[in-house]
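# A structural model of the following input is requested.
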Amino acid sequence: MTKEKEKVSTEEIGIENKERQLILHNDDFNTFDFVIKTLMDVCDHEPEQAEQCAYIVHFKGKCSVKRGAYDDLKPRYDIMMHKMLTVSIK
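Next comes the predicted model:
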């Protein structure tokens with residue numbers, strides 16, 4: 001009698017560990033300097049990277065500012081929301 005191996009899809013294994021993105025959305029009330037400082041403090045960006053992201057958000061409307069597991073992004077999301085930035089996790 002042979003044993004059949006049970007196939008498990010990658011979606012079923014650790015759905016929480018799936019890489020996600022923290023998206024910063026454009027708004028009309030936060031300054032470039034504030035956004036840049038927040039990205040450096042919260043997302044560990046270098047000054048140049050933070051500035052580039054701020055410009056992308058300004059001209060394109062949104063930018064992925066951090067990638068990682070949901071558990072890593074959620075605290076950053078909460079801090080940025082508390083600072084009145086418009087963010088989402090996708």
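
# for the rest of this, base every contact and every neighbour count on C-alpha atoms.
Will do.

# how much space separates residue 70 from residue 55?
25 Å (C-alpha to C-alpha, to the nearest Å).

# looking at those two, which one has more neighbours?
Between residue 70 and residue 55, counted using other C-alpha atoms under 10 Å, residue 70 has the larger neighbour count: 20 against 17.

# torsion angles phi and psi at the more buried one?
phi -50, psi -40 (degrees, to the nearest 10).

# any low-confidence regions in the protein?
For the chain, the stretches with pLDDT under 70 are 1-17.

# centre-most residue in it?
residue 22 (1.3 Å; C-alpha atoms, centre = their mean).

# so what pairs up with that residue in the strands?
For residue 22, the beta-bridge partners under DSSP bridges are residue 66, residue 89.

# ok, now which ones touch it?
64-67, 73, 77, 87-90 (C-alpha atoms under 8 Å, 6 or more residues apart in numbering).

# from residue 54, how far out is it?
Applying C-alpha to C-alpha to residue 22 and residue 54 gives a distance of 14 Å.

# try residue 85
Taken as C-alpha to C-alpha, the span from residue 85 to residue 54 is 12 Å.

# which of the two has more neighbours?
Per other C-alpha under 10 Å, whichever of residue 85 and residue 54 has more neighbours is residue 54, with 26 against 20.

# could you report the separation of that one from residue 23?
Using C-alpha to C-alpha, residue 54 is found at 12 Å from residue 23.

# what's the answer for residue 47, then?
For residue 47, the distance to residue 23 - C-alpha to C-alpha - is 18 Å.

# higher neighbour count, these two?
Taking neighbours as other C-alpha under 10 Å, residue 47 and residue 23 compare with residue 23 leading, 19 against 13.

# could you report the neighbour count for residue 71?
The burial count for residue 71: 11, using other C-alpha under 10 Å.

# if I look at it, how far off is residue 77?
Distance from residue 71 to residue 77, counting by C-alpha to C-alpha: 10 Å.

# correct me, but residue 77 touches residue 87?
Yes - between residue 77 and residue 87 there is a contact at 6.6 Å, judged by C-alpha atoms under 8 Å.
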